[in-house]
Each structure stands twice: as structure tokens, then as C-alpha cells.
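**Q** coords please:
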Amino acid sequence: MKIQTTEYTIDCRDAEPYAKLSGVLRLASPAAYEHAFAPIRKHLAATLGAYTLDVAQLTFMNSSGITGLSRLVMQARSDSRELVIVVSDTVPWQRKTFGSLQKLYPKLQIRN
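**A** Numbers count the residues shown, from 1 in each chain. I've put the predicted structure just below:
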């Protein structure tokens with residue numbers, strides 16, 4: 001499933017355990033992110049092995065989005081699912097923000 005707007009894209013590939021977020025995500029509330037991330041949440045729950053979330057081309061995400069992502073991390077933790085988040089070193093906020101999510105789930109992997 002692919003959600004595409006003028007500001008962002010959320011591409012959740014049905015055939016593989018992978019989702020890609022790109023652009024600028026500044027939705028109004030955590031509830032708005034719950035709706036936008038619903039395909040990822042569903043896909044993550046159905047995945048047996050590792051799941052990859054690629055945010056390397058996500059240039060901005062507000063605090064409501066970080067809350068939404070932390071809920072995905074918590075879902076992976078409760079399901080004992082391996083979660084890999086792909087970040088970019090050229091987007092300064094990513095490494096720090098996603099690195100702090102490892103405190104929620106030590107098995108979370110952050111890759112470039």
C-alpha cells in the first residue's frame with residue numbers, strides 16, 4: 001500500500017517486510033499518525049522475521065510522528081519482532097532521535 005501526498009510518501013510493500021517514509025511528515029496529532037501508520041502496523045504484525053523501516057529520505061517529522069514511531073517500536077517489542085530502522089547521516093535529527101528509541105527496545109537496529 002502506498003500513501004502519497006504533496007509533502008510525504010508512506011510506501012508499505014505487501015510482498016516484503018519493508019516500509020519507506022519520505023518527505024516531510026507533520027500531521028496534526030498522534031491520532032493522525034495512527035491512521036497513516038496503520039498499514040505499517042498491520043504489516044509489522046503479520047511479519048514473522050525482521051521488519052525494515054526506511055526513513056533515510058524523511059527530512060522532517062514532528063513530535064507527534066516520533067510518538068507514532070515509538071508506538072511501532074513498542075509493537076515490535078511486544079511481538080518480539082526484530083525491527084531495523086534505516087537512517088541517513090545527512091539528516092541530523094534522525095540518528096539522535098532514533099538512537100533514543102533503542103532505550104525502548106534494545107533489539108532495535110539502526111543502520112545507515
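**Q** Which strands or helices does the helix or strand bottoming out on mean pLDDT in the chain pack on?
**A** Every helix and strand in the chain was compared by mean pLDDT, DSSP states H and E; the lowest is helix 92-101, with a mean of 87. Secondary-structure packing of helix 92-101 (3 or more CB pairs under 8 Å, 6 or more residues apart in numbering; DSSP states H and E): strand 51-61, helix 63-78, strand 109-111. Every C-beta, even on glycine, is put in place using the N, C-alpha and C of the backbone.
**Q** which neighbours does the first one have in its sheet, and in what orientation?
**A** Paired neighbours of strand 51-61 in the sheet (DSSP bridges): strand 18-25 (parallel), strand 83-86 (parallel).
**Q** buried ones in whatever helix or strand comes next after the longest one?
**A** In other words, strand 18-25. The helix or strand immediately downstream of strand 18-25 is helix 30-36, counting by DSSP states H and E. For helix 30-36, the neighbour count (16 or more other CB atoms under 10 Å) marks Pro30, Tyr33, Ala36 as buried.
**Q** Any chance of these in a markdown table with distance to Gln102 as columns?
**A** Formatted as a markdown table, the buried residues of helix 30-36 follow (distance: CB to CB, whole Å):
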| residue | distance to Gln102 |
| --- | --- |
| Pro30 | 21 |
| Tyr33 | 20 |
| Ala36 | 23 |
